[in-house]
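Enquirer: Need a 3D model of the following:
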Amino acid sequence: MVAALMSATALSPAPGRAEGGQIRVQADLEYIYSDIDSEDLRNGDTENTVFSYFKQKYDVQLQKQLFPYLTVRGGGLFELIDSNANTEGSKSGFDQTATRYFAQLDLNNPLYAAGTAYRWRQLEFDAIGLPSTTLNREEITGLWKWRPVGFPSVALDFSRFRTWDDENTRDQEVGLLVLRTRYHYDEFASDYTYTRSEQDEKILKNGSLSQVHNGGLRYSTMFFRDRLEVTGAARVNYSDLEPTGPGDIQQPTSSPGAEFYLLDDSSPLVWAPDEATVVDTANPLTNVNIGQNGPTNDVAVGLDFGPPTEVDTVYIFPLEDQTRPELATPADIAPIAGSFVWRAFISDDQLNWTEQTVTSAIYSAFDNRFEISFSPDADAPFIKIVTTPLSSAAKRIELAELRAFTTIPGSPGLTLANLTQTYNLGLRWAATPNTTASYEGFVRVRDSDPFNRNKKTLTNGFSVQHDFTPRLYGDARVLRMDTFDTERPDATRHTYSASLSADILPTLDQSLIYSGNHDQEGDLTGYANSILLRTNADVYRDWSLYLDLAFSARTPLRGADGTSTSIRLSTNIDPNPKMSLTVDYLGSWDTQTGTPSGWNQNARFQAFWLPLSTLSVFASVNLRDQARDRTGLQVAQNYSINWSPFPDGMLTFNLAFNQVMDTQDRESRTLTPRIDWQITRQSLLTVSFDYGTIESDTVKRDLKVLRTNFRTFF
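Expert: Presented below is the predicted three-dimensional model:
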């Protein structure tokens with residue numbers, strides 16, 4: 001089949017347009033073969049597993065412009081997976097067939113837009129020793145938009161989909177209606193959204209009806225020759241949810257939360273807030289890879305809700321992108337989903353974390369999401385989910401989105417209503433050319449029925465920035481947040497921060513940064529203070545040096561007292577345009593009441609060399625010594641050589657070597673040669689082979705894995 005497709009691709013014409021239309025055909029063939037010898041280090045038992053995996057995927061899409069503003073689209077996808085495993089004569093495996101069809105009609109011009117689409121998907125799963133399963137999903141969507149210039153814009157979206165299986169164990173129907181309107185006039189901007197969601201679980205005789213009204217008004221203007229900026233906003237959100245059965249209901253949290261992540265969460269219980277990476281366009285959540293080539297240490301993803309928020313379930317959605325064959329599909333994730341170990345933590349300050357008991361951790365292949373449920377000790381402003389990536393997974397599993405929910409027992413006739421009001425006021429005053437002062441005020445009130453719960457949050461913050469000289473400048477900020485909750489003691493938090501920065505020389509600058517907070521909740525009192533001295537220097541042309549000296553002390557509301565003293569040294573040297581060297585060292589002495597103290601160290605050495613325009617070499621050595629956790633020294637080495645014999649990059653050879661060792665005599669190493677060959681402009685062949693050993697505390701695996709992928713399109 002591969003030979004036939006390659007021959008057809010080589011002779012096929014370049015992609016083009018038919019008159020008024022376009023046709024695109026794509027085929028992907030993937031084959032994986034592995035031979036793994038495993039040894040249980042506890043009792044010496046050994047076993048051999050031979051695994052094979054073959055996937056065929058064919059995708060056809062058509063598009064035709066009927067009129068200047070009217071376009072019709074359609075297409076289908078067929079995917080067939082054959083997977084088999086043999087472990088010491090015990091056979092397992094599955095066959096999976098996925099079929100998708102869609103038809104879409106779009107009308108779009110500068111004044112209005114409309115469209116409708118129909119999608120159907122069927123997934124047939126047949127595993128050895130298990131009954132076959134067939135899942136179906138049917139979806140109908142529609143939209144209408146009205147966008148006149150100078151008048152309010154209106155958009156209406158409608159969708160209804162049904163999911164069922166042939167075994168009558170699942171039959172769910174969901175309808176969604178969303179109405180949006182937006183209007184801008186001078187300094188004012190307003191918006192209103194109405195959402196109606198109706199869910200019906202036909203097998204469980206369960207469901208719900210949810211309606212949400214969300215409206216807001218924003219104002220922004222300048223006074224006194226643009227020296228005073230005034231901003232204000234008000235928003236009201238009213239939602240009601242009516243169960244139609246006795247089952248539990250997953251209700252979205254009052255605040256969706258801001259996403260963050262950490263790619264190296266070696267100590268999930270202690271974590272400095274400035275180590276977190278906030279998810280945005282520059283740092284997307286897709287940087288978190290829990291599959292093939294993911295980090296060998298724990299990674300964490302979380303949500304910052306602001307005020308303490310009730311949450312007991314988090315959905316984690318992997319990324320789906322048909323244009324990237326290296327990404328795992330739901331069919332790839334389902335067989336290995338049980339290998340992930342998930343842990344949940346909550347925190348009041350994003351510094352000290354309290355582990356929660358995970359009650360359920362499942363993967364839904366049809367929804368393509370991990371569902372992590374736990375029993376929370378209390379409401380918290382921060383939550384994070386931690387897992388260890390499967391570096392031996394067949395494909396990359398990048399993350400796309402997090403969603404948090406609260407589980408509410410359903411009861412027919414019971415209506416859950418929430419009214420949330422938020423008000424913001426901001427002032428920014430340029431007092432002098434060198435001094436700027438700001439004020440920010442925030443009020444949030446939430447009332448919940450029928451539980452008669454009321455939560456109020458009042459925030460007042462003041463900040464000032466001043467340039468003492470062109471080379472000396474500083475800023476300070478004070479913020480107070482009061483929280484009143486009918487189900488918790490009243491709480492007050494004061495947050496302080498100040499910094500002083502100096503450009504001592506054109507090549508040398510320093511910053512002294514202080515931050516702290518004081519918390520009061522009922523009879524409990526807590527505080528945290530930290531100070532950091534940061535130095536940046538350009539030692540020589542293309543040679544930079546960074547030095548951080550830091551100290552922090554904390555007494556949390558709940559938990560043990562602790563201190564941390566750390567030093568971080570980093571340097572980057574570019575001897576010439578073809579070479580780059582990086583050295584990074586972080587050492588910290590951490591203490592915590594009731595636990596042993598220790599000196600934790602992390603060091604990284606990295607080099608990149610481009611000896612020829614077609615040849616590159618990369619090397620990285622990472623050292624980790626977590627004395628506090630008594631894990632000993634761990635050394636991770638990564639080396640790779642990349643060679644493109646032809647300037648156009650049509651053929652690329654890559655050789656990579658990875659090794660991880662520690663003082664507990666555990667060692668993991670893999671050698672991976674890889675070839676990427678762009679046979680024609682419309683076809684690409686990739687072949688790689690992994691050879692090595694992966695060792696954990698209990699199991700040692702010697703593996704040989706062959707992966708091939710062929711893609712063609714026209």
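Enquirer: which residues of the stretch 551-700 of the chain fall in helices?
Expert: Counting by DSSP state H, counting those that start in this stretch, the stretch 551-700 of the chain forms no helices at all.
Enquirer: Let me see the ranges of the strands in it.
Expert: 562-576, 579-592, 595-612, 615-626, 632-643, 651-662, 667-680, 683-695, 699-713 (DSSP state E, counting those that start in this stretch).
Enquirer: Likewise for the stretch 251-400 of the chain?
Expert: 258-262, 277-278, 299-309, 313-318, 343-347, 354-364, 369-375, 380-387, 399-408.
Enquirer: Looking at strand pairing, list the partners for residue 211.
Expert: Going by DSSP bridges, residue 211 is paired in beta bridges with residue 196, residue 240.
Enquirer: Residue 37 now?
Expert: Going by DSSP bridges, residue 37 forms beta bridges with residue 48, residue 702.
Enquirer: Please name the residues that touch it.
Expert: 46-48, 701-703 (CB atoms under 8 Å, 6 or more residues apart in numbering). Bear in mind the C-beta positions are built from the backbone N, C-alpha and C, glycine included.
Enquirer: cool, residue 319 as well?
Expert: Residues near residue 319 by CB under 8 Å, 6+ apart: 286, 327, 398-400.
Enquirer: Now do stretch 32-52, average pLDDT.
Expert: What stretch 32-52 shows for mean pLDDT is 88.
Enquirer: what does stretch 258-266 give?
Expert: Averaging pLDDT residue by residue across stretch 258-266 gives 85.
Enquirer: coming back round to it: is it possible to export the strands of the stretch 551-700 of the chain to CSV including mean pLDDT and distance to residue 428?
Expert: As requested, the strands of the stretch 551-700 of the chain are exported to CSV (pLDDT from 0 to 100; distance: least, CB to CB, whole Å):
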stretch, mean pLDDT, distance to residue 428
strand 562-576, 90, 33
strand 579-592, 89, 36
strand 595-612, 87, 40
strand 615-626, 89, 44
strand 632-643, 88, 47
strand 651-662, 89, 50
strand 667-680, 89, 52
strand 683-695, 89, 53
strand 699-713, 89, 53
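Enquirer: that older thread, of the contacts of residue 37, buried ones?
Expert: Buried by 16 or more other CB atoms under 10 Å: 701-703, out of those.
Enquirer: Return the member of these nearest to residue 710.
Expert: Using CB to CB, residue 703 is the member of these that lies nearest residue 710, at 23.1 Å.
Enquirer: Could you find the closest non-adjacent residue to the closest one?
Expert: Leaving aside its sequence neighbours, residue 703 sits nearest to residue 36 (CB to CB, 6 or more residues apart in numbering; 4.6 Å).
Enquirer: How much space separates the one you found from residue 115?
Expert: From residue 36 across to residue 115, the span is 49 Å (CB to CB, to the nearest Å).
Enquirer: Check residue 566 too.
Expert: 55 Å.
Enquirer: Hmm, residue 346 and residue 354 touching each other?
Expert: Yes. Residue 354 lies in contact with residue 346 (CB atoms under 8 Å); the separation is 5.6 Å.
Enquirer: more neighbours, the two?
Expert: When residue 354 and residue 346 are compared for neighbours, residue 346 comes out ahead with 22 against 17, by other CB atoms under 10 Å.
Enquirer: what's the closest non-adjacent residue to the more buried one?
Expert: In space, residue 346 is closest to residue 380, 3.7 Å off (CB to CB, 6+ apart).
Enquirer: residue contacts, the most centrally placed residue in the chain?
Expert: The geometric centre of the chain, computed from its C-alpha atoms, lies nearest to residue 285 (CA atoms, centre = their mean), at 3.3 Å. Neighbouring residues of residue 285 by CB under 8 Å, 6+ apart: 259, 261, 279, 301, 398-402.
Enquirer: can you check residue 406 too?
Expert: For residue 406, the contacting residues are 250-253, 310-313, by CB under 8 Å, 6+ apart.
Enquirer: what's the closest non-adjacent residue to residue 496?
Expert: The nearest residue in space to residue 496 (CB to CB, 6+ apart) is residue 516, at 4.9 Å.
Enquirer: and that neighbour, what does it touch?
Expert: Contacts of residue 516 by CB under 8 Å, 6+ apart are 495-497, 527-530.
Enquirer: Can you go through these and name the buried ones?
Expert: Judged by 16+ other CB under 10 Å, buried ones among those: 495, 497, 527-530.
Enquirer: Quick check: the residue of the chain positioned farthest from its centre vs residue 417, distance?
Expert: When distances are taken from the C-alpha mean of the chain, residue 224 lies farthest, 43.8 Å away, according to CA atoms, centre = their mean. Plainly put, residue 224 is 44 Å away from residue 417 if you go by CB to CB.
Enquirer: likewise residue 230?
Expert: Distance from residue 230 to residue 417, by CB to CB: 34 Å.
Enquirer: next one: residue 607
Expert: Distance, residue 607 to residue 417, using CB to CB: 61 Å.
Enquirer: low-scoring pLDDT stretches of the stretch 201-350 of the chain, where are they?
Expert: For the stretch 201-350 of the chain, residues meeting the criterion pLDDT under 70 lie at 247, 266-267, 270-274, 296, 322.
Enquirer: all helices of it, in order?
Expert: So, for the stretch 201-350 of the chain - with DSSP H, counting those that start in this stretch - the helices run 330-333.
Enquirer: mind listing what residue 633 touches?
Expert: 623-625, 662-663.
Enquirer: For those, give me TSV that also has neighbour count.
Expert: Below are these laid out as TSV (neighbours: other CB atoms under 10 Å):
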residue	neighbour count
623	15
624	21
625	20
662	17
663	11
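Enquirer: so which of the residues you listed comes closest to residue 111?
Expert: When the contacts of residue 633 are compared against residue 111 (criterion: CB to CB), the nearest one is residue 624, at 60.2 Å.
Enquirer: what bridges to the closest one?
Expert: residue 602, residue 634.
Enquirer: So it is in contact with residue 632, correct?
Expert: No. If you go by CB under 8 Å, residue 624 and residue 632 don't touch, sitting 9.3 Å apart.
Enquirer: before we move on, back to that, looking at the contacts of residue 633, spot the one nearest residue 466.
Expert: residue 624 (41.4 Å).
Enquirer: show me the contacts for the closest one.
Expert: Applying CB under 8 Å, 6+ apart, the residues near residue 624 are 266, 601-603, 633-636.
Enquirer: ok, 10 Å please
Expert: Residue 624 makes contact with 264, 266, 297, 586, 600-604, 631-636, 660, 662 under the criterion CB atoms under 10 Å, 6 or more residues apart in numbering.
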